[in-house]
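Q: quick check, what structure comes out for this input:
(one chain, ligands or ions: 1)
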Amino acid sequence: MIDEFVEKELIPLEPEFLTKPSTNLLPVFEEKRKMVKQMELWAPNHPKEYGGMELDLLEHALVSESLGRSPLGHYIFGCQAPDAGNIEILHQFGSDEQKAKYLGPLVDGKIRSCFSMTEVELPGSNPVMMDTTAVKDGDDYVINGQKWYTSSADGAEFAIVMVVTNPEAGRYLQASMIIVPTDTPGFNLVRNIPVMGHAGEDYFSHAEILYQNCRVPQSNLLGPEGHGFVIAQERLGPGRIHHCMRWIGICNRAFDLMVARARDRIIAPDRKLAAKQIIQSWIAECAADIQGARLMVLHAAWMIENVGKKEARKEISLIKFVVANVMQKVIDRSLQVHGGLGMTDDTILAFYYRHERAARIYDGADEVHKISVAKRILKEYEGKRVR
Ligand SMILES: Cc1cc2nc3c(=O)[nH]c(=O)nc-3n(C[C@H](O)[C@H](O)[C@H](O)COP(=O)(O)OP(=O)(O)OC[C@H]3O[C@@H](n4cnc5c(N)ncnc54)[C@H](O)[C@@H]3O)c2cc1C
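A: Sure, this is the predicted structure:
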């Protein structure tokens, strides 16, 4: 059902999505979301008590792969980042009041949210280095700092902001997460950052935010004070695998386009592109890479479900850099096979090429995950006798 819906209802929207502001399409998006709700496929991975399907990670991997075939898939089915991660932590750590105010409407798709951690001047790869502070004043916190890459802040109802609340505590206990409604005075959306030439808008954007004496009640603290990184760990593990599941869908779409183009494109009066061995080699390599990456993702999902998030850290780091690189290779090969057409927005490939380059940077750069995996493996070998 999902494959069919993506094919019939979402892919035909892409030409307009690629050439006009996505805000033009908001009424159509709403219509499609209603259809998904009627089909009872809404919010596949979110809790049943809030109107989701509560699929486990392995089931969601298959759903997400289908949705990833279009950049609109996850948004239309109500399981898009960064809301998906925020839903998980609100469900796990939110107070009853926070759940009533934010969680219900968020799962229902009535509002959107964003996650504001990365700062302009300090390394996102080492987020314990953080300048944004929240200082207690009466019953409030007063937040000051500069963040960027707060994805989807434009049009969001609230941000979950990572701030230093306890500068005297140990490194990993200095920060907290605080819910900040975006209409709070002092929440200043400076700009949607142009990414690969496109600033985007609404859900499809990444903002720079200046928090200037931004005052929120202390009851907006999410979880215990000083537990920002503990909660971030809860958010980042599943967040990473969610990206990987979606990327498999992108691989499949780019691969299908590559094979179809190779079969159709006439390059000599009696020859199609697919007759060339170099293209056949790309097809075979990409098929093998996608299959390997897909099985790794499913295995990591199984590990998280059956062994636990903590025990699956190595598998999560492995898929994060492997799948990101496989996806980029497949998009690149497919674009190359399309020649000049690949560079245009007449296919989805250039969009994916522009926007998915970031996959090797966000939620932990490749290098950081490689180092983390290598350290774990080296430790596993401690005291091991190998002949
Ligand atoms: C499209 C996009 C969306 C994003 N969305 C969000 C969001 O919604 N919310 C949010 O808070 N953030 C978001 N981010 C920010 C993202 O998490 C950071 O960009 C990422 O953590 C890297 O941090 P940095 O950009 O400061 O790079 P740096 O930390 O400065 O790292 C730069 C490079 O240095 C190398 N490097 C870093 N550390 C090491 C190391 N230990 N060993 C070896 N090499 C290393 C890596 O190659 C890395 O790419 C987004 C980023 C992008 C591009």
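Q: give the burial count for whichever residue of the stretch 101-250 of the chain sits closest to the ligand, as a bare number.
A: Nearest residue of the stretch 101-250 of the chain to the ligand: G124, at 2.4 Å (Cβ to the nearest ligand atom). Every residue, glycine included, has its C-beta placed from N, CA and C. By other Cβ atoms under 10 Å, 19 other residues sit near G124.
Q: ok, now L349?
A: Other residues close to L349 by other Cβ under 10 Å number 26.
Q: the one 3 residues further on too?
A: Y352: 25 surrounding residues under other Cβ under 10 Å.
Q: give me the element it is part of.
A: Here Y352 sits within helix 349-355, counting by DSSP states H and E.
Q: list the helices and strands the helix or strand following that helix packs on?
A: Using DSSP H and E, the helix or strand that follows helix 349-355 in sequence is helix 366-380. In terms of contacts (3 or more Cβ pairs under 8 Å, 6 or more residues apart in numbering; DSSP states H and E), helix 366-380 is packed against helix 313-338.
Q: which residues touch the helix or strand following the helix it packs on?
A: Per DSSP H and E, the first helix or strand lying C-terminal to helix 313-338 is helix 340-343. Here helix 340-343 makes contact (Cβ atoms under 8 Å, 6 or more residues apart in numbering) with 261, 334-336, 347, 349-350.
Q: can you pick the most crowded of those?
A: S334 (28 neighbours).
Q: anything in the helix holding Y352 near the ligand?
A: No: using Cβ under 6 Å from any ligand atom, helix 349-355 stays clear of the ligand, coming no nearer than 7.2 Å.
Q: numbering from 59 from now on, please.
A: All right, first residue 59 from here; so that's helix 407-413.
Q: which residue, other than its chain neighbours, is closest to the residue of the stretch 159-308 of the chain closest to the ligand?
A: T176 (4.0 Å; Cβ to Cβ, 6 or more residues apart in numbering).
Q: got phi/psi on the one you found?
A: phi -70, psi 140 (degrees, to the nearest 10).
Q: hmm, back to that, closest to the ligand out of the contacts of helix 398-401?
A: Checking those against the ligand with Cβ to the nearest ligand atom, the nearest one is A408 at 16.2 Å.
Q: for the closest one, give me the pLDDT.
A: Per-residue confidence (pLDDT) for A408: 98.
Q: what about stretch 284-302 and the ligand, touching?
A: No: Stretch 284-302 is not in contact with the ligand by Cβ under 6 Å from any ligand atom; minimum separation 9.5 Å.
Q: buried ones in that stretch?
A: 284-287, 289-290, 292-302 (16 or more other Cβ atoms under 10 Å).
Q: check what pLDDT the closest residue to L231 other than its chain neighbours gets.
A: Of all residues not flanking L231 in the chain, G284 sits nearest, at 4.3 Å (Cβ to Cβ, 6+ apart). With respect to pLDDT, G284 scores 97.
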